[in-house]
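Novice: Generate coordinates for the sequence data below:
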Amino acid sequence: MVTPKTLKRWLIVAAVVYLLFPRDLIPDFFGRGLGLIDDLALMAGLTWFYRKRLRELAARATSEAAGGGGQREPGGGARPGPAAAPPPGSAPDPYATLGVPQSASQEAIHAAYRARMKEYHPDKVAHLGEDLQQLAHRKALEIQRAYEQLRR
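Specialist: Alright, predicted model coming up:
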C-alpha cells in the first residue's frame, strides 16, 4: 500500500516533469499565460486526486481501528485484525499500551509515555480527518490512563 508521503512525492515529481517537459496539451509558445492553463489544470487535478486518496486512506484506517478490519478465516468466522480492541470489561495491559516490559524502570516508563503521546497528540493529528482525530484522542486517553496506573 502506498503511504500518503510517498504518493505526495510521486505526484510532485509528475507535476514538475510536466511543467518542464516541452510538449504540453497547450504549448507554451502560444503565450506564457495561455501556455500555463494546462499546467495549472494538471496541478489542480493532482491536488484533487491527492486529497481524495487521503480521505480514502483515513476512512480505511478508521474502519480498521473500529474493528472493521478483521480478516476472514477459512471457516467463515471473523478473526480480529491486529487493531482489535480488548473485550469489554477487561482493562488493557498498561505495559503493553506503553510498549515497555514489566521490569521497566520509572525513567523508561516516562520516556515511553512521552514517545507514545507525541504520536497521538492533538497538534500532531489536527490536519487529519475528524474520525482520525477522535481515534487519536481515544488512544491518548488510553496512554494517559496506562501511565497514571504505572506511576502509582
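Novice: Pop out the phi and psi values for residue 129.
Specialist: Backbone torsions of residue 129, given as degrees, to the nearest 10, read phi -70, psi 170.
Novice: Could you check how many residues crowd around the residue nearest to it when sequence neighbours are not counted?
Specialist: Nearest residue to residue 129 in three dimensions, chain neighbours excluded: residue 58, at 4.3 Å (C-beta to C-beta, 6 or more residues apart in numbering). All C-beta atoms are positioned from the backbone trio N, CA, C, and that covers glycine. Number of residues near residue 58 (other C-beta atoms under 10 Å) recorded here: 18.
Novice: Report the secondary structure state of residue 58.
Specialist: Here residue 58 is recorded as helix under DSSP: H, G, I helix; E, B strand; the rest coil.
Novice: Can you read off the pLDDT for it?
Specialist: In this model, residue 58 is scored at 73, pLDDT.
Novice: can you check the one 5 residues further on too?
Specialist: Per-residue confidence (pLDDT) for residue 63: 64.
Novice: Look at residue 113 and report its pLDDT.
Specialist: pLDDT recorded at residue 113 is 90.
Novice: got it, and residue 129?
Specialist: Predicted confidence (pLDDT) for residue 129: 81.
Novice: Same question for residue 148.
Specialist: pLDDT, residue 148: 91.
Novice: Distance of it relative to residue 53?
Specialist: 38 Å (C-beta to C-beta, to the nearest Å).
Novice: how close does the residue nearest to residue 129 get to residue 108?
Specialist: When residue 58 is compared with residue 108 (using C-beta to C-beta), they lie 33 Å apart.
Novice: try residue 6
Specialist: 33 Å.
Novice: Counting neighbours, go ahead and name the busier of the two.
Specialist: residue 108 (13 against 10).
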